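Colleague: requesting a structural model of the entry that follows:
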Amino acid sequence: MIMTRRYDHVDLRVSSLASVRSFYEVLLPALGFTKNDSNEKWFEYEYEDGEKITDYFAITESRNHVPNENRVAFWADSIEEVDKLSKIVVTAGGRNVEGPGFEGEYHYAVFFEDPCGNRFEICHRTGN
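Modeller: Predicted coordinates:
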């Protein structure tokens, strides 16, 4: 059996949902998560492929959450898309932004943190 999907969802924890809401309201639609399915308990944006939800990004408040060294990386289709999305990250309030630039011969990326300190990357691989 060949798996056609390798990713279903991210269930992120933050110390304050109120402090990250405006950041993710800008970033997630720019990443293609356009269907808002949030409620009072969590913040969630889904990616729709036609009429089918294929993956989603959910955020839940956990007052005792402390960010760690884990990082979630999002794929971009081109270097230009990484550049465009890095500007959106800055405008939305991303912290500790590094790049965009090459992180090796084939790996072009921008690294950043959300307002609660969770670590992310948006990258494009140009070759091997």
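
Colleague: in the chain, which spans are strands?
Modeller: Here the chain has its strands, by DSSP state E, at 9-14, 35-36, 42-49, 52-61, 71-75, 95-102, 107-113, 119-125.

Colleague: tell me what the third one is packed against?
Modeller: Helices and strands touching strand 42-49, by 3 or more C-beta pairs under 8 Å, 6 or more residues apart in numbering; DSSP states H and E, are helix 17-30, strand 35-36, strand 52-61. All C-beta atoms are positioned from the backbone trio N, CA, C, and that covers glycine.

Colleague: please identify the deepest-packed of those.
Modeller: Most buried of those by mean neighbour count (mean count of other C-beta atoms under 10 Å) is helix 17-30; its value is a mean of 17.

Colleague: so what touches that one?
Modeller: With contact meaning C-beta atoms under 8 Å, 6 or more residues apart in numbering, helix 17-30 is reached by 14, 42-43, 45, 57, 59-61, 85, 88-89, 91-94, 114-116.

Colleague: repeat for stretch 36-54
Modeller: 5, 17, 20-21, 24, 28-29, 32-35, 55-61.

Colleague: got it, and stretch 87-99?
Modeller: Counting by C-beta under 8 Å, 6+ apart, 22-23, 26-27, 30, 86, 109-115, 117, 122 sit against stretch 87-99.

Colleague: and the two most separated of those residues?
Modeller: Ser22 and Ala109 (24.0 Å; C-beta to C-beta).

Colleague: which among the contacts of stretch 87-99 gets closest to Asp77?
Modeller: Closest to Asp77, out of all of these and judged by C-beta to C-beta, is Ile122, at 10.9 Å.

Colleague: right, and that closest one touches Ala109 too?
Modeller: Yes - between Ile122 and Ala109 there is a contact at 6.5 Å, judged by C-beta atoms under 8 Å.

Colleague: next, show the common contact partners of the two.
Modeller: With C-beta under 8 Å, 6+ apart as the test, Ile122 and Ala109 both reach 73, 82, 100.
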